[in-house]
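How does the following fold in three dimensions:
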Amino acid sequence: MAVINGWRPGAPARIRAADWAGAAVLFVLSVVAASIEPHKHEFLLRWPAVLVAAVGCGALVRRRHHPFGVLVVTVACGVAFQLLGVRDSPLVVSPVLVAVYNVAVRTDRRTAWTSAAVSASVLASTAAMFTPQTWLEPDTVAMVAWTALPAAIGDGVRSRRAYVVAVEERAEHAEHTREQEARQRVAAERVRIARELHDIVAHHIALINAQAGVAVHLVDQRPEQILTALEDIRDTSRSALDELRVTVGLLRQSDDPVAPRDPMPGLAQVPALLASFERAGLAVSHNRCGEAEPLDPAVDLAAYRIVQESLTNVRKHAGADHARLYLHYHQERLTITVEDDGSAGPHRPDPGAGHGLIGMRERAATIGGRLYAGPRPEGGFTVTAELPLRPGRPGPAQDRRDGHDDSCTACR
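Take a look at the predicted model:
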């Protein structure tokens with residue numbers, strides 16, 4: 001590509017030598033063509049013609065730096081040839097043809113054809129004024145045609161170069177875009193896995209902590225039930241390990257052993273989830289409105305994690321022993337509401353902060369839904385999530401800033 005587009009870095013000497021060699025070849029051809037008498041079949045060397053050829057061909061060495069100046073000099077030399085009585089031929093005016101080609105390669109199409117037309121007009125006009133020829137003589141018509149040819153070739157070469165440059169730029173842009181998209185996908189996947197790990201660890205550790213507190217209490221009050229508390233801790237730990245195994249399995253490479261095939265949790269596991277909270281001392285009443293519909297796996301997982309994280313926050317921060325869960329199936333969306341009557345004091349997370357709340361909002365936004373969390377006017381805290389039944393569907397028409405869905409009143 002560097003050869004097509006012009007100078008090659010590190011080779012100025014070779015290019016300069018090639019320019020002088022080309023100019024020398026054109027000089028010899030011009031002198032030979034100007035020295036041949038076509039009618040007498042003689043070779044007559046005329047020194048004025050040699051001087052004019054030297055000037056025209058020598059100017060071509062600077063054609064890359066001064067394309068229009070070189071064109072003017074070569075056309076002037078072509079006029080001088082005609083004034084000397086030299087018969088027009090492609091070899092005699094070859095410097096003009098090279099200069100026209102150079103202008104066409106280095107400028108736009110309009111400039112190229114304008115330069116070719118002006119050059120041909122000057123040469124043809126000179127031939128008509130200072131020789132017995134007319135505008136319709138074959139030599140004059142041939143001169144115009146020969147001048148147009150390098151303009152057409154140069155314009156084609158320039159267009160080809162511009163096309164190749166554009167293709168290279170598009171390829172570079174596409175490569176850069178692919179790398180950027182790959183980095184964004186990697187970052188999004190890291191955030192997703194971090195969110196999964198946070199939900200799993202925070203939930204189960206909170207339950208284990210609560211169950212351990214119950215076990216400590218039972219040691220003094222009812223030691224006969226200590227075994228049940230320890231079994232609850234064992235089951236919760238096992239559940240945490242199972243979910244961690246499934247999540248970490250997503251990080252396996254293609255050449256690793258077969259990853260776990262356990263299904264990701266969804267709303268079908270909500271009863272077991274509520275039972276685990278009940279063993280930890282948090283009773284949760286579960287109400288459902290509307291006809292339950294099968295959810296997309298991404299929506300099902302997001303709904304489960306939002307319920308899990310919301311109840312975990314109730315257990316950790318609210319100081320309440322009871323919470324309420326409402327699931328309302330609309331025609332195109334699912335509304336999840338978790339509320340409690342606990343404390344909203346300094347230990348309660350700010351509605352706009354905390355990894356748990358941020359993670360829940362990100363989960364809802366990822367599938368096209370939204371989530372609101374904040375204190376209730378009558379006391380306590382509420383989390384409301386509105387999720388589309390299928391990812392990508394439009395979200396709810398408006399943001400319910402009170403954290404409730406009015407159509408779910410019958411569930412309460």
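
quick check, distance from the longest helix seen in the chain to the centre of its chain.
In the chain, assigned by DSSP state H, the helix with the most residues is helix 138-221. Centroid separation between helix 138-221 and its chain, computed with CA atoms, centre = their mean, to the nearest Å, is 4 Å.

same deal with stretch 73-82?
Relative to its parent chain, stretch 73-82 has a centroid offset of 55 Å by CA atoms, centre = their mean.

CA atoms of that stretch as CSV?
Provided in CSV are the C-alpha atoms of stretch 73-82 (Å, rounded to 0.1, in the frame of the first residue of the first chain):
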residue,chain,number,x,y,z
VAL,A,73,6.4,24.5,-18.2
THR,A,74,5.7,21.4,-20.3
VAL,A,75,2.8,23.0,-22.2
ALA,A,76,5.1,26.0,-22.9
CYS,A,77,7.7,23.6,-24.3
GLY,A,78,5.1,21.9,-26.5
VAL,A,79,4.2,25.3,-27.9
ALA,A,80,7.9,26.0,-28.5
PHE,A,81,8.2,22.7,-30.4
GLN,A,82,5.4,23.9,-32.7
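
what does the average pLDDT come to for it?
Averaging pLDDT along stretch 73-82 gives 85.

ok so, going back, from the contact counts, what lies against the longest helix of the chain?
helix 94-106, helix 109-130, helix 226-249, helix 270-279, helix 297-313, helix 355-366 (3 or more CB pairs under 8 Å, 6 or more residues apart in numbering; DSSP states H and E). Just so you know, the C-beta spots here come from the backbone N, C-alpha and C atoms, and that holds for glycine as well.

among these, which is nearest Asp321?
Closest to Asp321 of these is helix 270-279 (CB to CB; 10.0 Å).

Beyond the closest one, next helix or strand please.
strand 283-289 (DSSP states H and E).

just checking, what packs against that next one?
helix 270-279, strand 322-329.

The ones you listed into a markdown table, with extra columns for mean pLDDT?
Output for these, formatted as a markdown table (pLDDT from 0 to 100):
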| stretch | mean pLDDT |
| --- | --- |
| helix 270-279 | 84 |
| strand 322-329 | 92 |
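
now, of the ones you listed, which is deepest in the fold?
Per residue and on average, the most neighbours among the helices and strands packed on strand 283-289 fall to strand 322-329, with a mean of 20 (mean count of other CB atoms under 10 Å).

how distant is that strand from the center of its chain?
42 Å.

Sheet partners, orientation included, of that strand?
strand 283-289 (parallel), strand 333-340 (antiparallel) (DSSP bridges).

Run the chain-centre distance for the shortest one.
When you say that, I think you mean strand 283-289. 45 Å.

Could you list the alpha-carbon positions for it in PDB?
Output of strand 283-289 as PDB, limited to C-alpha atoms (Å, rounded to 0.1, in the frame of the first residue of the first chain):
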ATOM      1  CA  ALA A 283     -41.400 -15.000  58.500                       C
ATOM      2  CA  VAL A 284     -42.500 -14.000  55.000                       C
ATOM      3  CA  SER A 285     -46.100 -13.900  53.800                       C
ATOM      4  CA  HIS A 286     -46.300 -14.700  50.100                       C
ATOM      5  CA  ASN A 287     -49.200 -13.300  48.000                       C
ATOM      6  CA  ARG A 288     -49.700 -13.700  44.200                       C
ATOM      7  CA  CYS A 289     -52.100 -11.900  41.900                       C
END
